[in-house]
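Colleague: Fold the following.
(one chain, ligands or ions: 2)
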Amino acid sequence: MARLRDRILALRSKLLSFGVRSKIIGIVIAVVAVFSLGVLVLTRTEMGAGLRERLDELGVVLARDVANQSTTLVLTGDTFDLHELIRQTLDNHRDVRYVFIVDARGQVLGHSFPARVPQGLLALDAPDGGDLPKWRTIRTEEGLIRDVAVPIAGGAAGIVHIGMSEKRSRAAMVKVTTEIAALSLAALCAGAFVAFLLAGLIVRPIFDLRRAARAIAAGDLSVRTPIFAEDETGELCRAFNLMADELQKRREEVTALEKRLRAENIYLREELAATTRYEYIVGANPKLMNILAAVDKAARTDSTVLVLGESGTGKELIARALHERSPRGSNTLIKVNCAAIPPGLIESELFGHEKGAFTGAVKTHMGKFELAHGSTLFLDEIADLSPEAQAKLLQFLQDSVFTRVGGNEPIKVDVRVVAATNRDLALAVNEGRFRLDLYHRIKVIELTLPPLRERLDDVPALAFHFLRNCLEKIPSEVEAISEEALALLCSYHWPGNIRELENVIERAVVLCRGKTIMADHLPAELRTRAAPPVQSASGSNGRPTLANAIRAEKIRRVKAALAEAGGNRARAARLLGIDRSNLTRLMKSLGI
Ligand SMILES: Nc1ncnc2c1ncn2[C@@H]1O[C@H](COP(=O)(O)OP(=O)(O)OP(=O)(O)O)[C@@H](O)[C@H]1O
Ligand SMILES: [Mg+2]
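Modeller: Ligands and ions are numbered 1, 2, ... in the order given. Model (predicted):
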């Protein structure tokens, strides 16, 4: 039962999977076929019954006629005329196959057979009495024969048997059936043809819709469907066209918006680059400016860069600026602090390892070089690189290929290397801790950041920068730095460089309860220790004066206002709270 249901379901889904046109044609053909078959069966049944009835009636009429004519002949024993009567009956009627007459005792008085009456026919029962005829069907080699037996003189004189052949009737029936079948077939073909045309008409809008939907899915929104009639399909096509119109309109809007956004984005990026370029790198000291100019140039190349400088001078900041200004800037800068990773692991960290390369290498690991593909790899504290890693790094810098630890397959990546250290690399080379060939390879471009004590003129700008940063993180009332505190900041020798200054400002903000950072809020060493003499361009005695510090801050503020005003001097002046003419004069005096 379940199998039958499954089969029915499978058949149903197969039928449903046919196209609409096939379904319509199939249904019309099925209807015409069933109808024609019904007509055929009905005709055959009705006609068969009618023909048999007519044959039986004809048989009775003939038999009675023979019985009437033969009554006297049988009684008088006139066998000659009896035979003549039988012959005439046979000759005159094409459906009659035989005639024979038997007397009341069953003796054959006359017959139409060539020899004698077959025994089977003689054994047939006599009519039940009276004048009533009796019919029987006899199967012969020629086909079915209806035997009609009619009593002569109520049975007293004998019985007339006439064999009526169904052959002619059947032939007529077959002819009629064939004609009906031919007609049905013609009707079926005509029906299929009409169904085909009709289905074409009905299905055409559906085909059009399907074609249009496919075109839209492929991205062509200009396609529409023709409307042939004002019926349901016409309504459907109209709705579809409206939808396509709307879709096209929206896409055009989106495209226009996208174009505008892209242009706006490019513009904003350029603006941002122009106004905030290195904004996060505070300072106007010529040494820093030279470094930034070098960064600009180096950013356009793929050469390896070595950033040198004491701890806290901003090496990482410069490395980031270099990366961001380079064409690789949209990708993430990958940073590795060589000093923070145990020597045994650094090689695998940088170049990755194959599964099973060493104990604990349970799966293949992708190193930072692979990760940095298309970007920049910043190797901080490069002086701490293990000898194995140094050898591999050298190989990479020469051929741009490397192999994972425990692997043989060379891997090629596009990585720009920027290295940094606060150590004396030349000394490390002399002491044999760093490879000379690698040293030469990584210092293709060398940038040495000045310590803060050599750019004390940038201290006020940096101090205010860190103060602002601090106030964003720490809730405080602090608004300013007193002149005395600023003077102390500008006269310190900053062994920890900019990082130290950053920490000092943060500490002062935490300690300060008022609106101004005073000298008291600074660490004791700043208040007690005088800065050692430094060679600085900022002060006449080699040390930056307060005036110089204030000048640097002025430069920073003017630049920031100009950047914020998009280069518009009038707006920048308003932002600074001075006249436009004053701003021009100020810019001139500051050399902006
Ligand atoms: N010119 C600058 N303007 C603003 N902030 C700066 C500048 N230079 C450095 N800094 C800040 O000083 C801190 C120290 O900088 P950075 O980490 O780049 O120094 P470094 O030379 O890499 O130090 P180290 O050798 O100890 O790693 C950072 O918070 C950085 O943002
Ligand atoms: Mg660093």
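
Colleague: which non-adjacent residue is nearest the residue in the stretch 51-200 of the chain that ligand 1 sits nearest to?
Modeller: Residue of the stretch 51-200 of the chain nearest ligand 1, by CB to the nearest ligand atom: Gly200 (76.5 Å). Where C-beta positions appear, they are placed from N, C-alpha and C, glycine not excepted. For Gly200, ignoring the flanking residues on the chain, the nearest one in space by CB to CB, 6 or more residues apart in numbering is Arg21 at 7.0 Å.

Colleague: Figure out how far the helix or strand where that neighbour lies is from the centre of its chain.
Modeller: In this assignment (DSSP states H and E), Arg21 forms part of helix 20-76. Relative to its parent chain, helix 20-76 has a centroid offset of 68 Å by CA atoms, centre = their mean, to the nearest Å.

Colleague: helices or strands next to it in the packing?
Modeller: Judged by 3 or more CB pairs under 8 Å, 6 or more residues apart in numbering; DSSP states H and E, the packing partners of helix 20-76 are helix 79-92, strand 96-102, strand 143-152, strand 158-165, helix 167-217.

Colleague: which residues does the closest residue to ligand 1 within the stretch 201-350 of the chain contact?
Modeller: The minimum distance from the stretch 201-350 of the chain to ligand 1, using CB to the nearest ligand atom, falls at Gly314 (2.6 Å). Counting by CB atoms under 8 Å, 6 or more residues apart in numbering, Gly314 touches 281, 449, 497-498.

Colleague: With neighbour count and distance to Arg527 added, can I get these in CSV?
Modeller: CSV is the format used below for the contacts of Gly314 (neighbours: other CB atoms under 10 Å; distance: CB to CB, whole Å):
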residue, neighbour count, distance to Arg527
Ile281, 16, 29
Leu449, 24, 27
Asn497, 22, 19
Ile498, 25, 20
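
Colleague: with these in mind, which one is nearest to Ser491?
Modeller: The closest of those to Ser491 turns out to be Asn497 (CB to CB; 15.5 Å).

Colleague: got the phi/psi numbers for that closest one?
Modeller: phi 60, psi -150 (degrees, to the nearest 10).

Colleague: Skip the chain neighbours and tell me the closest residue to it.
Modeller: Gly312 (3.6 Å).

Colleague: Check Asn422 too.
Modeller: Ser311 (4.5 Å).

Colleague: wait, doesn't that neighbour sit right on Trp494?
Modeller: No: Ser311 lies out of contact with Trp494 (CB atoms under 8 Å); the separation is 11.1 Å.

Colleague: Name the nearest residue to Ala213, sequence neighbours excluded.
Modeller: Phe240 (7.8 Å).

Colleague: Per-residue pLDDT of that neighbour, please?
Modeller: Looking at Phe240, its pLDDT is 92.

Colleague: Test my guess that Thr403 contacts Val413.
Modeller: No: Thr403 lies out of contact with Val413 (CB under 8 Å); the separation is 11.9 Å.

Colleague: before we move on, back to that, what residues does the residue nearest to Gly200 make contact with?
Modeller: 196, 199-200, 203.

Colleague: So which of the residues you listed wins on neighbours?
Modeller: Compared across those, Ala199 has the highest neighbour count, 20 neighbours, by other CB atoms under 10 Å.

Colleague: How about the contacts made by that residue?
Modeller: Ala199 neighbours (CB under 8 Å, 6+ apart): 20-21, 24-25.

Colleague: Would you mind measuring from it to Lys14?
Modeller: Distance, Ala199 to Lys14, by CB to CB, to the nearest Å: 19 Å.

Colleague: what's the answer for Ala389, then?
Modeller: Ala389 is 67 Å from Lys14, by CB to CB.

Colleague: more neighbours, these two?
Modeller: Ala389 (25 against 9).

Colleague: The more buried one against Glu347, yeah?
Modeller: Yes: between Ala389 and Glu347 there is a contact at 4.6 Å, judged by CB under 8 Å.

Colleague: where does the stretch 51-200 of the chain dip in pLDDT?
Modeller: Scanning the stretch 51-200 of the chain for pLDDT under 70 picks out 128-130.

Colleague: make that the chain, sorry
Modeller: Applying pLDDT under 70 to the chain picks out residues 128-130, 263-279, 529-549.
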